[in-house]
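sharing a model that was predicted from the sequence below.
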Amino acid sequence: MYQPRRNTVIHKFFSWYIQFIIDKDFAAFNFDRAALKKDSSVLILANHFSWWDGFFIFYINKKIFKKQFHVLVNAENYNKVGFLKYLGAFAAEHSGKDVLETLNYAGKLLDNPDNLVLVFPQGKLYSNHLKNISFEKGVMQMINASQKKINIIFAATFIDYFAKRKASAYTYLQNWESEEYISLQLLKSAFNKHYDHSLAKQTKITE
């Protein structure tokens, strides 16, 4: 598998650069806050519709969660976007056993309360206009590979222009109080309830 690499100089530069391009390319980036259980890692599950998605969550982590950022990406993006590995990106190099190893690696990351792991459960890009978010099975493998002392955060992001030349981005966060037994269907259902609620709030925004 492809693991994150550490370089303080590169990380600091792109940490600044991500904030710079978000401020430059968007009229506003709005997000709410989610209270965390202390001494627990953060697993963020987010919808995936654009090139910006990982950068939005990286920015939010920098501002409110302040954890060590990690994100699960595919091998193509890991190799194509060279700086991602220095921002905590990791990926399966091959199919089969390497995918399982990568998911188990993510689970072990979640055993460290200083870590945040971002996952896009859809597995690939979809339109921002979807009414239902699908979940790949690997999400549960990751959770089950951990000690399950995790803050599970749902993130639903939407973009609208309204009357402005630049778009505004909105990310709605929820800390899901999970039950003792978690299934893929339960997780998917809970996320989509948050997604539906967030979309309803988004459609009420006027500018």
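Yep, it's here.

need the residues that contact stretch 55-69.
By Cβ atoms under 8 Å, 6 or more residues apart in numbering, the residues outside stretch 55-69 that reach it are 15, 18-19, 21-22, 29, 31, 33, 36, 41-42, 44, 46, 71, 87-88, 112, 114-116, 118, 155, 157, 169, 171, 173. All C-beta atoms are positioned from the backbone trio N, CA, C, and that covers glycine.

low-confidence ranges, the chain, go.
207 (pLDDT under 70).

just the helices in it please.
8-25, 53-60, 75-80, 97-109, 138-144, 184-203 (DSSP state H).

turn the ones you listed into a markdown table, including mean neighbour count and distance to M1.
Formatted as a markdown table, the helices of the chain follow (neighbours: other Cβ atoms under 10 Å; distance: least, Cβ to Cβ, whole Å):
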| stretch | mean neighbour count | distance to M1 |
| --- | --- | --- |
| helix 8-25 | 13 | 20 |
| helix 53-60 | 22 | 18 |
| helix 75-80 | 14 | 9 |
| helix 97-109 | 18 | 5 |
| helix 138-144 | 19 | 13 |
| helix 184-203 | 16 | 22 |
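
in JSON lines, list those along with distance to S178.
Shown next, in JSON lines, are the helices of the chain (distance: least, Cβ to Cβ, whole Å):
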{"stretch": "helix 8-25", "distance to S178": "30"}
{"stretch": "helix 53-60", "distance to S178": "20"}
{"stretch": "helix 75-80", "distance to S178": "29"}
{"stretch": "helix 97-109", "distance to S178": "15"}
{"stretch": "helix 138-144", "distance to S178": "9"}
{"stretch": "helix 184-203", "distance to S178": "8"}
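
can you tell which of the ones you listed is closest to Y2?
helix 75-80 (4.9 Å; Cβ to Cβ).

hmm, who's touching the closest one?
By Cβ under 8 Å, 6+ apart, the residues outside helix 75-80 that reach it are 2, 84-85, 89-94.

possible to save these as TSV with neighbour count and distance to N77?
Listed next are those as TSV, based on neighbours: other Cβ atoms under 10 Å; distance: Cβ to Cβ, whole Å:
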residue	neighbour count	distance to N77
Y2	18	10
L84	21	7
K85	20	10
A89	23	8
F90	21	11
A91	22	7
A92	22	12
E93	14	13
H94	11	15
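
longest strand anywhere in this structure?
strand 150-160 (DSSP state E).

distance between the ends of stretch 53-66?
18 Å (Cα to Cα, to the nearest Å).

just to revisit the earlier point, so which elements touch the longest strand of the chain?
In terms of contacts (3 or more Cβ pairs under 8 Å, 6 or more residues apart in numbering; DSSP states H and E), strand 150-160 is packed against strand 41-46, helix 53-60, strand 168-176, helix 184-203.

6 Å instead, please
Helices and strands touching strand 150-160, by 3 or more Cβ pairs under 6 Å, 6 or more residues apart in numbering; DSSP states H and E, are strand 41-46, strand 168-176, helix 184-203.

who touches it?
For strand 150-160, the surrounding residues in contact (Cβ atoms under 6 Å, 6 or more residues apart in numbering) are 34, 36-37, 40-47, 56, 110, 167-176, 178, 191, 194-195, 198, 202.
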